[in-house]
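In: need a 3D model of the following:
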Amino acid sequence: MMSVQNQIISVSPIVLKVPNRIVDMEICVTAPLSGDNLPIILFSHGGGYSNFLSSYKGGAPLSDYWASQGFVVIKPTHLSSKTLNLGAETPGYPIYAESRVEDMKSILDQLDFIENIVPTLKGRMNHENIAAAGHSGGGLTAAMLLGASYTHDNGNEIYLPDNRVKTAILLAVSGEGDKGMPAPWGKVDIVNSFRYTKMNPPAFVITGEKDISPISSRGAEYYTDAYFKSPGEKTLLTLFDGEHMLGGITGYDAEETTDEDPERVAIIQEMTTAYLHSIFNPENRSWEEAVKKMKTIQNALGKIESK
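Out: Okay, the predicted model is just below:
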């Protein structure tokens, strides 16, 4: 399944003013040069060893492809980014979980401003068809927009869904936690108390068969919690031999991609695109075609299931 690819434009940095944020938020907008009524994808980066993949510069293999297939992709640099190098004394350190969600909500609040500042984009975005996407820790951000939650160290539940977001693509997203997880990450409240029990909207969960987390004894199963432990319609794609970078979705030829595989990345590109088109346009049949294709090759590359 190969789709016609449109020319794209990418504009960065665009600076958004966010009240009470320690620094202004920088975003990157990637969009097709042609087309109207374009759905929107908010992409949340994860962490990692590289300086720039954990910022609006990361995720290009996905954002470029999604834009070529008719989506506007907006990527913020969260406070957790290595490019900002904020110290441990900063409120929210090291994950800045609540700030990440507020970043996404602030983007949605300022869509008109973004349209006006990006050349050729004005009047072309569909403000009703919005998806969230995220890799690893960024997947937690996307999941929280759909209603996943965690318990703060002070005992308060952090529950921040946004009904403007209709669905999510959750890539190598962390699982539910418990107090017995090892330090240092097991001591972080969002890691040890995350729950999917209130994540009701549809979502597409993508995991690697060989993605082994250092903070959980459950192995790759840990990364399937968003599928198995959430209510509502969900889809799970398990990629054989896939590790945490899922073949290289965070950057082109990134050194930290231990399982680099262009074919694996292509599967993610095509399947997520077809999934989102089907969510936003029920008459679109590309998802059925993509699932059929996946099932014909799943013995070699992966498997797909839905509930």
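In: low-confidence ranges in the stretch 151-300 of the chain?
Out: Counting by pLDDT under 70, the ranges of the stretch 151-300 of the chain that qualify are 297-299.
In: now do the helices in it.
Out: Under the criterion DSSP state H, counting those that start in this stretch, helices of the stretch 151-300 of the chain are mapped to 189-193, 225-228, 262-280, 286-301.
In: got the angle for the third one vs helix 286-301?
Out: Yep, that's helix 262-280 we're talking about. Orientation check (axes from the mean of the first three to the mean of the last three CA atoms, to 10 degrees): helix 262-280 against helix 286-301 gives 150 degrees.
In: packing partners for helix 262-280?
Out: The contact analysis (3 or more CB pairs under 8 Å, 6 or more residues apart in numbering; DSSP states H and E) places helix 262-280 against strand 38-44, helix 60-68, strand 125-135, strand 167-171, strand 203-208, strand 234-239, helix 286-301. Any C-beta I mention is one placed from the backbone N, CA and C, and that applies to glycine too.
In: right, and Gln269 touches Tyr65 too?
Out: Yes. Contact status for Gln269 versus Tyr65: in contact at 4.3 Å, counting by CB atoms under 8 Å.
In: look at the two and report which has more neighbours.
Out: Counted by other CB atoms under 10 Å, Gln269 and Tyr65 do not tie: Tyr65 has more neighbours, with 23 against 19.
In: check contacts around the more buried one.
Out: Applying CB atoms under 8 Å, 6 or more residues apart in numbering to Tyr65 gives the contacts Gln5, Gln269, Thr273.
In: please tell me how far the last one sits from Val191.
Out: When CB to CB, to the nearest Å is the yardstick, Thr273 and Val191 sit 31 Å from each other.
In: please apply the same query to Glu243.
Out: Taking CB to CB as the measure, Glu243 and Val191 are separated by 20 Å.
In: got a markdown table for the helices and strands packed on helix 262-280, with distance to Tyr93 too?
Out: Formatted as a markdown table, the entries for the helices and strands packed on helix 262-280 read as follows, by distance: least, CB to CB, whole Å:
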| stretch | distance to Tyr93 |
| --- | --- |
| strand 38-44 | 17 |
| helix 60-68 | 27 |
| strand 125-135 | 19 |
| strand 167-171 | 24 |
| strand 203-208 | 28 |
| strand 234-239 | 32 |
| helix 286-301 | 39 |
